[in-house]
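Asker: Please work out how this folds:
(chains A and B)
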Amino acid sequence: MKAAVIVFPGSNCDRDLAVAFEQAGMDVTMVWHKDTALPEGLDIVGVPGGFSFGDYLRCGAIAANSPICKSLIAHTERGGYALGVCNGFQILTETGILPGALRRNANLKYICRTVGLKVEATNTAFTSQYDAGQVINVPIAHHDGNYFVSDEKLAQLRDEGRIAFTYTDNPNGSVADIAGVVSKNQRVLGMMPHPERAADEGHGGTDGVAMFRSLVDQLATA
Amino acid sequence: MKARVYVMLKNGVLDPQGEAVRHALGSLGFDGVEGVRQGKIIELDLAEGSTEDTVTEMCEKLLANTVIESYRVELL
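Answerer: Predicted coordinates:
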């Protein structure tokens, strides 16, 4: 099973994400943002957290126009899997792969703490090993995680079962408490919380492990 | 030639920074500030003959996120 993690200038969760993929049993290749092609025969692309391009202009806006992102868009359009965490989620919305946008946190503060997440959808490639309604604890660390979608789009996301996670106690003002959403085909997940930082006993929690295991299961049967 | 692009959060999209500025003005004793919206101005130095259409395309592709932001182009 092959994973790639894209590295942008300013990414800082790229290695954590690679370790989480590796611990779930994947071979991981790191891909530089200036590369124009993803490795052949790839199962999943990880778009890591961090502060790509110093968050200049808007979080993720410059990264979304990096050469590698053309390949990332093509990969998802072919039905490929992708996981964007934190800045990775911001990049996925900026590319238009996922709907919505991430605004400044409602309290204007950078928030770094572990939060409760409710698993809303268990039919995605990333959440099959969780129970519906299960509450898991995963860290967040962001300044711009306040998810916005129009009312119309929100209704569509609800109808299509695309809200993957909601916050049990909304930390940032996100519309409908949304912490993570999936693409229409359920194969691309973007989320502000960091499952790769809850993937080892040493992290103080392992609630993120089931996400990577779900993914490996899904890819094994795909 | 120069162009100036104004980027603002769309009406209806809560602007937490604008709200914070409004509160701060209130606590300084400026009464009657009913709303503050904060945006950005981007100035572009362009080759002669550049068109407004090109700048609009720049806005659509990069300078604004049209999910939450609106923009206005001014050629100077």
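Asker: For stretch A:180-197, buried residues please.
Answerer: A:180-183, A:186-197 (16 or more other CB atoms under 10 Å in any protein chain shown). Every C-beta, even on glycine, is put in place using the N, C-alpha and C of the backbone.
Asker: Can you give me the end-to-end span of that stretch?
Answerer: Length of stretch A:180-197, first residue to last, CA to CA, to the nearest Å: 16 Å.
Asker: Stretch A:33-43 now?
Answerer: Across stretch A:33-43, first to last residue, CA to CA, it's 18 Å.
Asker: just stretch A:5-23 next, same as before
Answerer: 14 Å.
Asker: buried sites along that stretch?
Answerer: Here stretch A:5-23 shows A:5-8, A:10-14, A:16-18, A:20-21 as buried, counting by 16+ other CB under 10 Å.
Asker: Tell me the first helix or strand C-terminal of the helix or strand of chain B with the lowest mean pLDDT.
Answerer: In chain B, the helix or strand scored least confidently by mean pLDDT, DSSP states H and E is helix B:16-27, which has a mean of 93. Downstream of helix B:16-27, the next assigned helix or strand under DSSP states H and E is strand B:40-45.
Asker: so how far is A:Asp177 from the residue in chain A that chain B sits nearest to?
Answerer: Proximity of chain A to chain B (CB to the nearest CB) peaks at A:Ala101, 4.2 Å away. Distance from A:Ala101 to A:Asp177, counting by CB to CB, to the nearest Å: 16 Å.
Asker: So if I had to pick from these two, which one is more boxed in?
Answerer: A:Ala101 (22 against 19; other CB atoms under 10 Å in any protein chain shown).
Asker: Isn't the more buried one up against A:Ser150?
Answerer: No - judged on CB atoms under 8 Å, A:Ala101 makes no contact with A:Ser150 at a distance of 10.2 Å.
Asker: Now, the buried residues of stretch A:5-23 that are in strands?
Answerer: The members of the buried residues of stretch A:5-23 that map onto strands under DSSP state E are A:5-7.
Asker: Same list (those) but as CSV, adding pLDDT and distance to A:Gly54.
Answerer: Formatted as CSV, these follow (pLDDT from 0 to 100; distance: CB to CB, whole Å):
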residue, pLDDT, distance to A:Gly54
A:Val5, 98, 20
A:Ile6, 98, 17
A:Val7, 98, 15
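Asker: Quick check: A:Phe8 vs A:Pro67, distance?
Answerer: Using CB to CB, A:Phe8 is found at 11 Å from A:Pro67.
Asker: so what's in contact with the two at the same time?
Answerer: A:His33 (CB atoms under 8 Å, 6 or more residues apart in numbering or on different chains).
Asker: So which of the buried residues of stretch A:180-197 is the closest to A:Tyr130?
Answerer: A:Pro195 (10.8 Å; CB to CB).
Asker: show me what contacts that closest one?
Answerer: Here A:Pro195 is in contact with A:20, A:85, A:138, A:207-208, A:211-212 (CB under 8 Å, 6+ apart).
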